[in-house]
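Peer 1: sequence and predicted structure are below.
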Amino acid sequence: MTTALMTILGIVVFVLGLLFSIAWHELGHLSTAKMFGIRVPQYMVGFGPTLFSRRRGETEYGIKAIPLGGYIRMIGMFPPGDDGKLKQRSTSPFRSMIEDARSAAYEELRPGDENRLFYTRRPWKRVIVMFAGPFMNLILAVAIFLGVLLTFGINTTTTTVSSVSKCVVAADEQSDTCPENAPPTPANAAGLLPGDEIVAYNGVAITEWDELQRLIRDGSGQVTITVERDGEQRTLTAEPIRNTVTKIDEDGQYVPGEYVTANFLGFAPASGVVQQTFPQAVDRMGQMMEDGAEALVAVPSKIPMLWDAAFNGGERAQDSPVGVVGAARVSGEIVALDIPPTQRVAIFLFVVAAFNLSLFLFNMLPLLPLDGGHIAGALWESVRRLFAKVLRRPDPGPFDVAKLMPLAYVVAGVFICFTLLVLIADVVNPVRLAG
């Protein structure tokens with residue numbers, strides 16, 4: 001199959017994964033809303049014109065033309081106005097936004113729905129309904145991450161020797177040749193060979209590269225290195241020397257352009273796809289979630305570079321924000337890669353899992369119209385009612401989230417503008433896997 005066809009196949013499969021992720025998200029809202037007796041007239045995957053729909057009971061289920069989201073429509077998302085009416089006439093544009101939102105929340109109101117309105121449910125029930133959608137994405141992301149790590153594995157730096165440097169060269173000199181009078185590296189002098197698997201360092205059993213690297217850099221004096229070579233274990237003796245090496249961060253990742261002085265042996269580790277144990281998988285998954293949260297917080301700082309990449313031909317960073325189009329394009333490239341099929345499947349599943357993790361983190365932002373905004377409103381209502389009860393004041397009633405709709409429109413406008421910027425960048429200057 002040609003590269004072009006494989007790329008198209010990858011894009012199609014990603015779109016199907018995207019649709020499933022959206023449907024899975026909305027299923028969380030739907031199931032919990034029905035569990036608490038809230039009437040749900042619509043469950044839709046996508047936006048725009050309806051391609052297919054079918055009514056089951058009181059709910060219409062359907063698929064729409066634009067696969068960029070989805071929704072369920074619950075009756076009574078907002079309480080009536082202060083005068084108890086669903087509509088009030090106003091010349092204020094901001095007030096009109098509030099009234100329109102309130103009116104839309106009561107479309108298709110039927111006799112008997114008075115006790116099936118969203119806003120009449122206790123705050124903790126509303127929190128569950130709104131949290132259930134993002135939580136479904138989190139469940140899916142965790143399941144995929146764990147499944148891939150435990151079955152396929154992940155590309156990992158191992159304790160196997162890839163190459164041994166002949167002589168000592170400082171990392172900041174950026175040289176591939178040995179200067180005159182450069183001493184041999186301790187690894188070379190000790191007889192370490194490519195293909196050796198280091199199983200112990202100075203008597204300490206070794207299973208991970210990060211641990212071995214820390215022991216090498218922080219140790220002192222002569223050390224023993226136990227390697228497995230040709231099915232047999234051998235013990236070598238080496239004496240690390242102080243040298244300028246690339247700095248590593250707290251996660252064990254190299255920091256480009258920054259150097260420190262530490263102990264040095266002079267060999268490079270090999271990398272390969274390694275199945276993870278359950279504790280290792282949980283640890284890596286936790287790190288991915290932390291990285292995802294940090295990336296979300298860092299999005300505003302990346303907008304100038306994203307603008308430069310979209311309109312000025314600037315370089316598109318590998319960690320630049322990508323949208324649905326960019327993710328679909330990357331998925332197409334993954335399927336077309338000249339690597340074993342199992343690795344292609346694993347990488348593709350990681351993209352789908354990362355997308356679901358992003359949906360969870362993004363939707364939990366405490367801003368309307370996101371799920372996190374409704375959760376924040378319900379929590380604030382609980383706090384208000386608790387204080388009123390403690391201070392023996394009248395119950396303030398439901399918190400009217402509809403009054404925040406003008407702010408919600410501003411937030412939505414910002415999101416739309418950012419989405420368009422990312423879309424333009426994904427089309428004219430996309431993130432690529434290589435080159």
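Peer 2: Alright, I've got the coordinates.
Peer 1: count of residues packed around Asn263?
Peer 2: Neighbour count of Asn263, defined by other CB atoms under 10 Å: 19. The C-beta positions use only the backbone N, C-alpha and C, and glycine is treated the same way.
Peer 1: what do you get for Arg73?
Peer 2: Neighbours around Arg73, by other CB under 10 Å: 17.
Peer 1: how close does it get to Ile66?
Peer 2: Distance, Arg73 to Ile66, by CB to CB, to the nearest Å: 17 Å.
Peer 1: I'd guessed Arg329 sits against Ala425; true?
Peer 2: No: between Arg329 and Ala425 there is no contact under CB atoms under 8 Å: 11.4 Å.
Peer 1: neighbour-wise, which of the two wins?
Peer 2: Ala425 (26 against 22).
Peer 1: ok so that one is a helix residue?
Peer 2: Yes: assessed by DSSP: H, G, I helix; E, B strand; the rest coil, Ala425 belongs to a helix.
Peer 1: show me the contacts for it.
Peer 2: 306, 309-310, 316, 320, 326 (CB atoms under 8 Å, 6 or more residues apart in numbering).
Peer 1: show me where pLDDT drops low in the stretch 1-150 of the chain?
Peer 2: 1-4, 6, 81-109 (pLDDT under 70).
Peer 1: the stretch 1-150 of the chain: strands as residue ranges?
Peer 2: 42-56, 59-73 (DSSP state E, counting those that start in this stretch).
Peer 1: CSV for the ones you listed, including distance to Leu146?
Peer 2: Formatted as CSV, the strands of the stretch 1-150 of the chain follow (distance: least, CB to CB, whole Å):
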stretch, distance to Leu146
strand 42-56, 26
strand 59-73, 25
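Peer 1: just name the most buried of those.
Peer 2: Ranked by mean neighbour count, these are led by strand 59-73 with a mean of 17 (mean count of other CB atoms under 10 Å).
Peer 1: who are the packing partners of that strand?
Peer 2: helix 3-35, strand 42-56 (3 or more CB pairs under 8 Å, 6 or more residues apart in numbering; DSSP states H and E).
Peer 1: ranges for the strands of the stretch 151-300 of the chain?
Peer 2: Using DSSP E, counting those that start in this stretch, strands in the stretch 151-300 of the chain cover 154-164, 197-201, 204-205, 223-229, 232-238, 241-248, 254-264, 267-274.
Peer 1: of all those strands, which one is nearest Leu138?
Peer 2: Closest approach to Leu138 among the strands of the stretch 151-300 of the chain (CB to CB): strand 154-164, 19.9 Å.
Peer 1: what lies in contact with that closest one?
Peer 2: Counting by CB under 8 Å, 6+ apart, 148, 185, 187-188, 192-199, 206-210, 212, 227, 266-274, 276, 284, 346 sit against strand 154-164.
Peer 1: filter those down to the buried ones and hand me the ChimeraX line.
Peer 2: Here is the ChimeraX command that selects the buried residues among the contacts of strand 154-164 (16 or more other CB atoms under 10 Å):
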select :148,185,187,188,192,193,196,198,206,209,212,227,266,267,269,270,276,284,346
